[in-house]
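*Asks:* based on what follows, work out the 3D shape:
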Amino acid sequence: MKKVLISLALLALPSMAMAQVYCEPINHPQGWDGTNNLSISWDQCWFPGSTATSLKSFNCNPTPTTNVSNILHFQFKVAHSMTSSSAETGVVDVITAQPSLPQFYHYEGTGCAGSGAGVNKGFGIAFIPAGTSGCVITDGFFDPYCDLGDGTNDCALSGSSYVADAPNPGWGRFLVAAVRANARPLDPGFNYWAWQISFSNRMRNACAGCGVGADVIFQSFGLESSIGEPDQCLTGPDTDKGPDRSQHNGGGTSGPTPVQNTTWGQIKALYR
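*Replies:* Numbers count the residues shown, from 1 in each chain. Model (predicted):
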């Protein structure tokens, strides 16, 4: 599966895109509700009957020494139609109960698990088009935000930043953004795939703390328009029971049932 790994160094994103990174729910003049529109899941996009899960365990035992990457998918539904969406931004927190963030969760560019290049890192972020995200796109359930419509990536500029021990000690915060070269329409009740983050155990020996559990929380997600339409700020787990759209999944749930496994370190996908 082809992936585009994005460096932790924050790219020079336009102010338009970064404005929504810290988006908060607003009282829209037309009463649009942007809550309960987010979904995250391991291995597969979430839809009824999928193999997606909300809990992953990492093998921190040096035997076997196989490096394993687990993929966390990020999805969203818009609260109201948008004619020309041009940028997506998001806030994702990695939360531990430790007084300071363990080295295994230091994904910033100079951090233990974030330094180096390519396969030497313990994580990766990808904005990729249809057919390469690992979701059941061919079944009509999902539409990648960055897809131009023909299986090519239309996000002309994308990137992320990671801050350790912020906004609280023991936490790490991803700021994620992508800007489309061509604005696109978005429809409510329709699942869109935003991006994926891969978390690997390859740094389990070099970076202490692999056995420490953590939660990943999709805090907020912002969408902006190229023609002055109102911004949309989405928060909370997807509980929309709206109408189906063709063969697409117009309903949704808050996510799959966690699978309990306390053998190794765990990362659980939660919501704000």
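*Asks:* any residues touching stretch 111-123, and which ones?
*Replies:* With contact meaning Cβ atoms under 8 Å, 6 or more residues apart in numbering, stretch 111-123 is reached by 5, 8, 103-109, 162, 164, 197-203, 206-208. Yep, even glycine has a C-beta here, placed from its N, CA and C like the rest.
*Asks:* go with 10 Å
*Replies:* For stretch 111-123, contacts defined as Cβ atoms under 10 Å, 6 or more residues apart in numbering pick out 5, 7-9, 58, 67, 69, 72, 94, 101-109, 124, 160, 162, 164, 172, 174, 197-204, 206-210.
*Asks:* and these, which of them are buried?
*Replies:* Listed as buried from these are 7-8, 58, 72, 94, 101-108, 124, 160, 162, 164, 172, 174, 197-204, 207, 209-210; burial here means 16 or more other Cβ atoms under 10 Å.
*Asks:* what about these, which are in helices?
*Replies:* Secondary-structure check on the buried ones among the contacts of stretch 111-123 using DSSP state H: no residue lies within helices.
*Asks:* the host helix or strand of D215 pairs with which strands?
*Replies:* D215 is part of strand 214-225 when elements are defined by DSSP states H and E. Looking at strand 214-225 with DSSP bridges, its partner strands are strand 82-95 (antiparallel), strand 232-237 (antiparallel), strand 265-271 (parallel).
*Asks:* closest to F76 out of those strands?
*Replies:* Distances from F76 to each of the strands paired with strand 214-225 were compared using Cβ to Cβ; the minimum, 5.6 Å, belongs to strand 232-237.
*Asks:* now the closest one: mean pLDDT?
*Replies:* The average of the pLDDT scores along strand 232-237 is 83.
*Asks:* one more: stretch 60-72?
*Replies:* With pLDDT averaged residue by residue, stretch 60-72 scores 79.
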